[in-house]
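>>> pasting a predicted model and its sequence here:
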Amino acid sequence: MIEIDGSYGEGGGQVLRTSLSLAAITGEPIRIAGIRAGRKKPGLAPQHLTAVRAAARICNAHLRGDALGSMQLEFIPSSPVQAGIYTFDVSKAQPGGSAGAIALILQTILLPLALAPGNSRVTLKGGTHVNFSPTVTYIEQVYLRILQRMGVEAKVKLGAWGWYPQGGGEIELQVSGGCQLGGINLWERGDLHQVRGVAVVTELPSHIPQRMANRAENLLREAHLKVAVKASREKGVAPGAGIFLTAEYQNSLAGFGGFGRLQLSAETVAEIACQQLLEFHHTGAPVDEHLADQLLLPAALASQESHYRVAQVSSHLTTNAGVIQQFGLAQIAIDEAENSVSVMHL
Ligand SMILES: Nc1ncnc2c1ncn2[C@@H]1O[C@H](COP(=O)(O)OP(=O)(O)OP(=O)(O)O)[C@@H](O)[C@H]1O
């Protein structure tokens with residue numbers, strides 16, 4: 001039984017999710033104490049509980065402590081990961097529903113399913129575009145495209161958009177099993193080919209996405225970047241708005257977003273997303289702050305070494321490295337002076 005300290009480093013949901021993925025893949029039982037102890041409302045929130053149940057379902061794990069608010073969990077896999085057809089719904093984890101981010105549940109089960117024999121189809125319901133988590137657009141345009149280079153064959157289809165607080169979004173994830181994970185080298189990003197974006201609303205008038213798209217295109221052109229942002233109205237259960245930009249470099253990809261809310265003009269939402277993109281662009285790094293921590297798990301499971309340079313070393317990155325190293329699969333070196341990450345097999 002591997003003992004995990006949920007309060008380690010960031011003390012957030014990622015300590016839990018990374019541990020779940022690795023327990024499912026290795027078949028090692030785990031016990032986690034102090035789950036999300038670093039957060040204002042600690043313990044399992046709907047998104048985390050759904051991730052626990054999803055990970056348990058695919059490897060028939062026995063669970064103890066799988067309840068909302070629980071700060072302790074035992075997760076004991078009883079079979080290798082089974083490919084198959086699954087549905088996981090974050091809104092079912094809490095009376096009254098939840099907009100918990102389904103991208104985080106996707107990231108918990110993706111590698112276990114990709115490494116298992118057989119193909120899987122997973123329907124995920126909840127929040128698709130939620131602040132402080134990867135959006136489904138980020139998963140499609142950045143995360144899965146980079147993972148494809150490491151050998152992961154997976155795609156998502158976005159059925160309905162789900163924003164905070166109502167959720168109600170839906171995606172279908174298809175994963176090809178039997179993947180052989182290779183390492184990745186993202187040391188130099190090369191030239192920027194273009195910035196591609198979507199400006200989207202649900203249940204709101206079409207002038208809003210158009211204004212977000214126009215403002216983003218104007219701002220990025222002023223900065224001499226090649227850009228194309230598509231404005232669209234999409235399907236969703238509640239009003240919502242956002243703009244999601246992908247910077248496509250010769251050797252890398254990075255993603256940024258802005259979310260609409262009352263009292264915030266469409267133009268300001270676009271400016272928020274563009275400012276993040278321009279700040280990143282000026283660092284010269286190939287890997288954005290968020291991909292930096294999300295790449296560690298596939299890199300640790302790959303058969304070759306990985307090396308990448310990041311815009312910023314975050315506490316999510318150092319925390320995830322600490323958790324992964326507890327499973328004894330890889331050695332991770334993070335150089336905070338150089339902003340670089342190397343992942344080597346043990
Ligand atoms: N704008 C963003 N784009 C892409 N990924 C993001 C973005 N913001 C956050 N993330 C990713 O979301 C994850 C958040 O992990 P974190 O440990 O904070 O857990 P959590 O479950 O979201 O919640 P909590 O912080 O409440 O515990 C990290 O992998 C981080 O890189």
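Sure, I can see it. Every value quoted in this text rests on a predicted model; they were computed, and no experiment measured them.
>>> residues touching the closest residue to the ligand within the stretch 51-200 of the chain, list them.
Taking Cβ to the nearest ligand atom as the measure, the point where the stretch 51-200 of the chain comes nearest the ligand is P134, at 3.6 Å. From N, CA and C alone the C-beta is placed, and that goes for glycine too. With contact taken as Cβ atoms under 8 Å, 6 or more residues apart in numbering, P134 is in contact with A101, A103, L104, Q107, Y143, G255, H290, Q294.
>>> quick check: residues of the stretch 51-200 of the chain near the ligand?
L104, F132, S133, P134, Y138 (Cβ under 6 Å from any ligand atom).
>>> and what about the residue in the stretch 201-346 of the chain that the ligand sits nearest to, helix, strand or coil?
In the stretch 201-346 of the chain, no residue comes nearer to the ligand than H290, which is 3.3 Å away by Cβ to the nearest ligand atom. Using DSSP: H, G, I helix; E, B strand; the rest coil, the structure places H290 in helix.
>>> could you export the residues of the stretch 51-200 of the chain next to the ligand as TSV, including distance to A24 and pLDDT?
Output for these, formatted as TSV (distance: Cβ to Cβ, whole Å; pLDDT from 0 to 100):
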residue	distance to A24	pLDDT
L104	15	98
F132	25	95
S133	20	97
P134	20	98
Y138	23	98
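>>> name the nearest residue to I332, ignoring sequence neighbours.
Spatially, and ignoring its direct neighbours in sequence, I332 is nearest to A321 (4.2 Å; Cβ to Cβ, 6 or more residues apart in numbering).
>>> among the residues of the stretch 51-200 of the chain next to the ligand, which ones are in strands?
Among those, DSSP state E puts none in strands.
>>> which of the contacts of P134 tops the neighbour count?
A101 (30 neighbours; other Cβ atoms under 10 Å).
>>> quick check: which element contains the residue nearest to I332?
If you go by DSSP states H and E, A321 is part of helix 315-326.
>>> what is the subsequent helix or strand relative to that helix?
Going down the chain from helix 315-326, the next helix or strand is strand 330-335, by DSSP H and E.
>>> what's next to that following strand, contact-wise?
296, 299-301, 313, 317-318, 321, 324-325, 340-346.
>>> which pLDDT value belongs to the residue of the stretch 201-346 of the chain closest to the ligand?
Note for H290: predicted pLDDT of 98.
>>> relative to H345, how far out is it?
Counting by Cβ to Cβ, to the nearest Å, the gap from H290 to H345 is 24 Å.
>>> E10 too?
E10 is 25 Å from H345, by Cβ to Cβ.
>>> now do V287
20 Å.
>>> which of those two has more neighbours?
Remark: of V287 and H345, V287 carries more neighbours, 30 against 15, as counted by other Cβ under 10 Å.
>>> residue contacts, M1?
So M1 contacts E28, P29, I30, R31 (Cβ under 8 Å, 6+ apart).
>>> what's the nearest residue in the stretch 1-150 of the chain when you look at the ligand?
For the stretch 1-150 of the chain, Cβ to the nearest ligand atom, closest residue to the ligand: G13, 2.1 Å.
>>> quick revisit: which residue sits closest to the residue of the stretch 201-346 of the chain closest to the ligand, ignoring its sequence neighbours?
In this structure, H290 finds its nearest non-sequential neighbour in P134, 6.5 Å apart by Cβ to Cβ, 6+ apart.
>>> in the longest helix along the chain, what's buried?
Counting residues, the longest helix found in the chain (DSSP state H) is helix 266-283. Within helix 266-283, the residues scored as buried using 16 or more other Cβ atoms under 10 Å are 266, 269-274, 276-278, 280-281, 283.
>>> how about these in TSV, adding pLDDT and distance to G118?
Shown next, in TSV, are those (pLDDT from 0 to 100; distance: Cβ to Cβ, whole Å):
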residue	pLDDT	distance to G118
A266	98	45
V269	98	42
A270	98	43
E271	98	46
I272	98	42
A273	98	39
C274	98	43
Q276	98	39
L277	98	39
L278	98	44
F280	98	38
H281	98	41
T283	97	41
